[in-house]
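Participant: Have a look at this prediction, sequence included:
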Amino acid sequence: MKIVSLRDTTVLHFAWLCLASGLALSLLGVYAIDLGAHHAENETAARTIAPLALKQFVFLGVGLLAAAMAAAPDSKFLRMIAWPSLAVSIALLLVLLLPFVPAWLVTPRNGVRGWIDFGVFDLQPVEVAKIAFVLAAAEYLRHRTNHRTLLGLLPPAFITFVPVSLIYLQPDLGAALLFIPAIFAILVASGARLKHMALVVIIGLMAAPISYPLLHEYQKQRIIGLIQQFRGVRSGADDINYQAYTAQTVAGSGGLRGYSDTKARAIVKYASLPERQNDMIFAVILSRFGFIGGMVVVGLYMLWLLGAMLTAAICKDPFGRLVVVGLSMIMAVTAVVNMGMVLGVLPIVGLALPFVSSGGSSMVSVWITTGLVFGFAMRRAPRLVRPAFEFDD
């Protein structure tokens, strides 16, 4: 493995935006987790950080170390490990589904077999699979042209289908759906014809109603619950829509500027918001900092995406460009879906808010993502490199 040397790098690049915004979001997440986990009745008690928030701070340190390690290898090494890493991630996903795996190793949580218990830490294989999938897809497409034909889209579709089907069987529909916009973004960035991509989208939309019977019952209930919200029907407020309505109540309580620390803690406590440290943490932030705070969070994600997209735009390495585009799409869709869940415009599908939600696997994953973007950004473009993804139609 070739580690980057100083003469091959530059400190003037756009990925600093990703590093700064990711750090700000992570620290905000530690505070929001403390706000939701440690319900202080007075300001004196509020000064003691909750164990869950302290644990998240440790995960942040591990994530920063993982980011540094991800930024160090060169593109050649990352290409070399792309397919093996995808194979390992698929093997981990299979472990989750095997019926004879002992319960102490894989314990369902909220009906999802999504974590492997290694004792000192819990690993969520889907976080590994997302990164490995992007690396493998980028390696496959970096110098190909057959994806510009309709039949040439079948190999990328198969690469996507394998992890998506395994994740769906956990069942984790929300995480499974993240792979689809990622492969679309990678294909578009690699020069796939837009008319072919549009045809795939049309076929997918036509097939969507057919797939409804294949959903699990709780997934159907979430869709029904969202429709009820749009229609203003509150019959499910104490049932299928309890989490959604409670999240919207907590989020809306902050108004424009939000409440003080003590009052926000009391609101979160007595609202009994489920998953307030995980999927619904954006509601906690809105209660504390209001609409203005929510817009700051959105701005930080946009800053991260700006840094990543500018990095992809100037990256001369075709593999690096596709990796950055694919990872950025996963980051963007995850953030948008999570905030949409909290605000009641999207069904609740169990996606964590990147950098912010509680969880070691998620924290390390998003920092590895940031480290990969940083690694491609800090490398100087090689001389006499051939242009990537330029086709004469």
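Facilitator: Everything's here; your move. Bear in mind the structure is a predicted one, so any value in this text is a computation, not a measurement. Numbers count the residues shown, from 1 in each chain.
Participant: Could you check how far the host helix or strand of Gly204 is from the centre of its chain?
Facilitator: For Gly204, the host element (DSSP states H and E) is helix 194-211. Distance of helix 194-211 from the chain centroid (Cα atoms, centre = their mean, to the nearest Å) equals 24 Å.
Participant: Helices of the stretch 201-350 of the chain, start to end?
Facilitator: Taking DSSP state H, counting those that start in this stretch as the criterion, the stretch 201-350 of the chain carries its helices at 217-231, 242-253, 261-271, 281-314, 318-343.
Participant: Can you give me the buried ones in the longest one?
Facilitator: Looking back up the chat, that one is helix 281-314. Within helix 281-314, the residues scored as buried using 16 or more other Cβ atoms under 10 Å are 281-290, 293-294, 297, 300-301, 303-305, 307-308, 310-312. All C-beta atoms are positioned from the backbone trio N, CA, C, and that covers glycine.
Participant: List the contacts of the residue nearest to Thr9 when sequence neighbours are not counted.
Facilitator: Nearest in space to Thr9, with sequence neighbours left out and distances taken as Cβ to Cβ, 6 or more residues apart in numbering, is Met378 at 4.7 Å. Applying Cβ atoms under 8 Å, 6 or more residues apart in numbering, we find Met378 in contact with 4, 9-11, 13, 15, 71.
Participant: Would you mind checking the residues you listed for buried ones?
Facilitator: Among the contacts of Met378, those classed as buried by 16+ other Cβ under 10 Å are 13, 15, 71.
Participant: Which ones among the residues you listed map onto helices?
Facilitator: Mapping the buried ones among the contacts of Met378 onto helices (DSSP state H) picks out 15, 71.
Participant: Mind putting the helices of the stretch 201-350 of the chain into CSV with distance to Leu150?
Facilitator: Formatted as CSV, these follow (distance: least, Cβ to Cβ, whole Å):
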stretch, distance to Leu150
helix 217-231, 31
helix 242-253, 40
helix 261-271, 51
helix 281-314, 26
helix 318-343, 20
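Participant: Same list, the ones you listed, but as CSV with mean pLDDT please.
Facilitator: Shown next, in CSV, are the helices of the stretch 201-350 of the chain (pLDDT from 0 to 100):
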stretch, mean pLDDT
helix 217-231, 73
helix 242-253, 87
helix 261-271, 87
helix 281-314, 95
helix 318-343, 95
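Participant: Compare these and give me the one nearest Glu127.
Facilitator: The closest of these to Glu127 is helix 318-343. By Cβ to Cβ, the value is 10.3 Å.
Participant: What ranges in the chain fall below the confidence cut-off?
Facilitator: In the predicted model, the chain carries pLDDT under 70 at residues 1-7, 38-47, 231-239, 381-387, 389-393.
Participant: OK, contacts around the nearest residue to Leu178 once chain neighbours are set aside?
Facilitator: Leaving out its chain neighbours, the residue that sits closest to Leu178 by Cβ to Cβ, 6+ apart is Ile330, at 5.3 Å. Ile330 makes contacts with 130, 134, 178, 181-182, 369, as judged by Cβ under 8 Å, 6+ apart.
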